[in-house]
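Asker: model the structure of this input:
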Amino acid sequence: MTKKHTYGQILKSSAVIGGSTLLNIAIGIIRTKAMAMLLGPSGVGLMGLYASITELTINIAGMGINSSGVRQIAEAVGSGDTERIARTATVLRRVSIFLGILGAVLLAVFSGPVSTLTFGNDQHKFAVTLLSLVVFFSTVSAGQGALIQGMRRISDLAKMGILGTLFGTFISIPMIYFFREEGVAPALVLIAAMTILTSWWYSRKIHIFTPSITASQLGYEAAALLKLGFAFMASGLLMAGASYVVRIIVVRQVGYDAAGLYQSAWSLGGLYIGFILQAIGADFYPRLTAVANDNNDCNRMVNEQAYVSLLLAGPGVIATLVFAPLVIALFYTSQFQGAVEVLRWLCLGMALRVISWPMGCIIAAKGAQNFFLFSEVAWTVVYLGLAWVCVGFFSLNGVGIAFFASYIFHVFMVYLIVRRLSGFRWSAANIQLSFLFLALIAVVFSSFYVLPPLLAMLVGALAVLLSGVYSVQVLLNLVSLAEIPRPVLKLLQWFRLISSSSSEYDGLEPMGEMEADGTIVGNKPSACIKALLVAFMLCLVFSMWIYWYQGGYGWSAELGAFESKLETLLSIFLRK
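Answerer: Model (predicted):
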């Protein structure tokens, strides 16, 4: 029996999250630019270290309830039991408040040792103590956000992110302007305060009655929440811990300015990919949880999500690679141009992250805690080991190289795990698309090490254009135009990628054939553009080979002599 595909739902959620992300990026440009101009690389590095401290503490204190809460709420909503939904939501709120207070107290008590461990002295003790408020606000906000996400109120989740970023920007910039580096910690507190206010405003719109819960019921529900949350907490702790340790490695081996460059590259490397990963977490993960016990549906949904994610991510990753110097100049200042190369290496890892994340959702949705913890520990060990070695050999660029290499390991490891858990297999369409985009990314990346910078940027811009048109045409083959959000539809009409009248397409089904795993592959999606992409890559590889041969073997002199002889022979021939 033909199963209904989920491409329309994926694109809808991606459009909502993507639209909010674009607004957040626009607001972030203002805030990041202001911070860079007011603080410089060392100040931005200090902000990154403070952020790592709070992130690490939040992951420890939060006990993963933001992720486990989403799963528990999604399961309760799927059951249709209003009593269960109300009970789960109430316990989630109470536990998040308790853990927020606990985390804030712990960071305040150990502020001295944390300052010494991070900076080598206790001069930042007061600032670290102040960060305890960030821990409290963020933990409570995460609990409220989990409720909104579990209820799949994607629109509210997007609005909450936009308003939190907007208010945080308006209130933090003046703080940095007047107090410079001394205002970094207070600015982070104000940003977190705006986040908790906006999350509270949207969570209160969810009308759930407050049930009467006994102490034993509260303990049972909290235990179930924390038991599942422990695996997520360990994962978040490992991620935050890895980020913290990598920054310390950079500070100790390269310096504070390098930490600022790394912070800027890390922020920009995940900027575009962030909205795809947010869409996976906000909408796809709760939907996958609802069908986690049905392996066929689970695997089909992952293949569909991965296919759309690759189509959306490919052109964006290539664009970040190509226009890295311009992106750095836009968001920061000329002092941060040293981050360009490490940003390009991080982009390679981000591309692989898009491949591994949908697969990893299978492990989380099935609640396979042992596999989940093993995969996170293994990746962390590999990443930190590579970072320590690569920074020693390649300085700051070593961090990006280590990140890229660690995600090569992560993709293969996660694939083997989910293959055992659910019998997951990549669809033929996903394999072909992965090879196409990964090859294109690799060729464009390599061109910046072989070709002159301007020429590399020009051919890279052509790659962005071709891959973008290809992705749009394939996506239009996957869904009917009636499923595309109206703002996106108008944009496609403006670029003349579809007819100016969309009403004639209403109700049309995707033009494609259904594979055994449920993946739809459009018939004639854009064979011409695909052929152009392949031809483009071959020509670019040939051009790089010519430039490499010319530089390594002095072919330019031989070529000049050959051309001179050819001109002489031609002139003799013409005289005759």
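Asker: can you give me the neighbour number for Ala26?
Answerer: Look at Ala26: counted by other CB atoms under 10 Å, it has 12 neighbours. C-betas here are computed from N, CA, C, even on glycine.
Asker: any idea which helix or strand carries it?
Answerer: helix 7-62 (DSSP states H and E).
Asker: for the very next helix or strand once past that helix, buried residues please.
Answerer: Downstream of helix 7-62, the first helix or strand assigned by DSSP H and E is helix 65-79. By neighbour count on 16 or more other CB atoms under 10 Å, the buried set for helix 65-79 is 65-77.
Asker: a markdown table please, covering these and showing pLDDT.
Answerer: Below are these laid out as a markdown table (pLDDT from 0 to 100):
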| residue | pLDDT |
| --- | --- |
| Ile65 | 72 |
| Asn66 | 71 |
| Ser67 | 71 |
| Ser68 | 72 |
| Gly69 | 72 |
| Val70 | 73 |
| Arg71 | 69 |
| Gln72 | 72 |
| Ile73 | 75 |
| Ala74 | 70 |
| Glu75 | 68 |
| Ala76 | 72 |
| Val77 | 70 |
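Asker: can you pull the pLDDT of Ser526?
Answerer: Per-residue confidence (pLDDT) for Ser526: 59.
Asker: check contacts around Met37.
Answerer: Going by CB atoms under 8 Å, 6 or more residues apart in numbering, Met37 touches Thr333.
Asker: so where does Ser235 fall, helix or strand?
Answerer: helix 215-253.
Asker: need the three-state assignment for Ala292.
Answerer: coil (DSSP: H, G, I helix; E, B strand; the rest coil).
Asker: would you mind measuring from it to Cys361?
Answerer: 9 Å (CB to CB, to the nearest Å).
Asker: these two - which one has more neighbours?
Answerer: A side-by-side neighbour count of Ala292 and Cys361, using other CB under 10 Å, places Cys361 first with 25 against 22.
Asker: thought that one was touching Leu288?
Answerer: Yes. Contact criterion CB atoms under 8 Å: Cys361 and Leu288 qualify, at 5.4 Å.
Asker: so what sits against both of the two?
Answerer: Shared contacts of Cys361 and Leu288, counting by CB under 8 Å, 6+ apart, come down to Val302.
Asker: before we move on, back to that, as TSV, the buried residues of helix 65-79 with distance to Ile85 would be great.
Answerer: Formatted as TSV, these follow (distance: CB to CB, whole Å):
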residue	distance to Ile85
Ile65	16
Asn66	18
Ser67	18
Ser68	16
Gly69	12
Val70	13
Arg71	13
Gln72	10
Ile73	7
Ala74	10
Glu75	10
Ala76	4
Val77	6
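Asker: looking at these, which is nearest Thr380?
Answerer: Ser67 (17.1 Å; CB to CB).
Asker: how close does that closest one sit to Leu476?
Answerer: According to CB to CB, Ser67 stands 34 Å off from Leu476.
Asker: now do Ser20
Answerer: The value you get for Ser20 to Leu476, if CB to CB is used, is 23 Å.
Asker: between these two, which one's more packed in?
Answerer: Ser20 (23 against 20).
Asker: you'd agree that one is up against Leu163?
Answerer: No. The pair Ser20 / Leu163 is not scored as a contact, 9.9 Å apart, by CB under 8 Å.
Asker: need the strands for the chain, in chain order.
Answerer: Secondary structure of the chain (DSSP state E): strands at 512-514, 520-522.
Asker: the first one - what's its average pLDDT?
Answerer: Which is strand 512-514. 44.
Asker: could you point out which of the buried residues of helix 65-79 is nearest to Met544?
Answerer: Looking at those and their distance to Met544, the nearest is Ser67, at 43.6 Å (CB to CB).
Asker: for Gly468, which non-adjacent residue is spatially closest?
Answerer: Leaving aside its sequence neighbours, Gly468 sits nearest to Pro315 (CB to CB, 6 or more residues apart in numbering; 4.2 Å).
Asker: the one you found against Leu475, yeah?
Answerer: No. With contact defined as CB under 8 Å, Pro315 does not reach Leu475; the gap is 11.2 Å.
Asker: give me phi/psi at Ala368?
Answerer: Phi and psi for Ala368, reported as degrees, to the nearest 10, are phi -80, psi 80.
Asker: which residues touch the closest residue to it other than its chain neighbours?
Answerer: Nearest residue to Ala368, sequence neighbours excluded (CB to CB, 6+ apart): Leu421, at 6.0 Å. Going by CB under 8 Å, 6+ apart, Leu421 touches 362-363, 366, 368, 371.
Asker: mind checking which of these land in helices?
Answerer: Using DSSP state H, the subset of the contacts of Leu421 located in helices is 362-363, 371.
Asker: report pLDDT for the most centrally placed residue in the chain.
Answerer: Nearest to the geometric centre of the chain sits Gly274, at 3.1 Å (CA atoms, centre = their mean). With respect to pLDDT, Gly274 scores 72.
Asker: quick revisit: list the contacts of the residue nearest to Gly468.
Answerer: Applying CB under 8 Å, 6+ apart to Pro315 gives the contacts 464, 467-468, 471.
Asker: what about it, distance to Ala26?
Answerer: Computed as CB to CB, the Pro315 to Ala26 distance reads 19 Å.
Asker: what separates the residue lying closest to Arg287 once chain neighbours are set aside from Gly183, distance-wise?
Answerer: Leaving aside its chain neighbours, Arg287 sits nearest to Met301 (6.9 Å; criterion: CB to CB, 6+ apart). From Met301 over to Gly183 the distance is 46 Å, taken as CB to CB.
Asker: which one of the two has more residues nearby?
Answerer: Met301 (27 against 20).
Asker: mind listing what that one touches?
Answerer: 6, 284, 287-288, 291.
Asker: most neighbours out of the residues you listed, which is it?
Answerer: Within the contacts of Met301, Phe284 tops the neighbour count with 26 neighbours, counted by other CB under 10 Å.
Asker: my read: Leu466 touches Leu532, true?
Answerer: Yes. Look at Leu466 against Leu532 with CB under 8 Å: they come within range, at 5.8 Å.
Asker: quick one: mean pLDDT for stretch 542-562?
Answerer: pLDDT averaged over stretch 542-562 gives 62.
Asker: stretch 255-271 too?
Answerer: For stretch 255-271, mean pLDDT rounds to 80.
Asker: nearest to Ala34, out of the ones in helices among the contacts of Leu421: which one, please.
Answerer: Nearest to Ala34 among the ones in helices among the contacts of Leu421 is Ile363, at 40.0 Å by CB to CB.
Asker: surely that closest one and Ile417 touch.
Answerer: Yes. With contact defined as CB under 8 Å, Ile363 counts as touching Ile417 (6.2 Å).
Asker: related to what we said a few turns ago, so which of the contacts of Pro315 are in helices?
Answerer: Counting by DSSP H, the contacts of Pro315 place 464, 467-468, 471 in helices.
Asker: closest to Thr88 out of the residues you listed?
Answerer: Looking across the ones in helices among the contacts of Pro315 and measuring by CB to CB, the closest to Thr88 is Ser471, at 38.9 Å.
Asker: who's in contact with the residue lying closest to that closest one once chain neighbours are set aside?
Answerer: In space, and not counting its chain neighbours, Ser471 is closest to Leu311: 4.3 Å by CB to CB, 6+ apart. By CB under 8 Å, 6+ apart, the contact set of Leu311 is 433, 471, 474-475.
Asker: let's see it at 6 Å
Answerer: Shown in contact with Leu311 (CB atoms under 6 Å, 6 or more residues apart in numbering): 471, 474-475.
Asker: what does the model give Trp388 for pLDDT?
Answerer: 92.
Asker: show me where the stretch 101-250 of the chain has helices.
Answerer: Ranges of helices within the stretch 101-250 of the chain are 111-119, 125-150, 154-179, 184-203, 215-253, based on DSSP state H, counting those that start in this stretch.
Asker: I meant the stretch 401-550 of the chain, not that one.
Answerer: Along the stretch 401-550 of the chain, the stretches classed as helices by DSSP H, counting those that start in this stretch are 428-450, 453-478, 486-494, 527-553.
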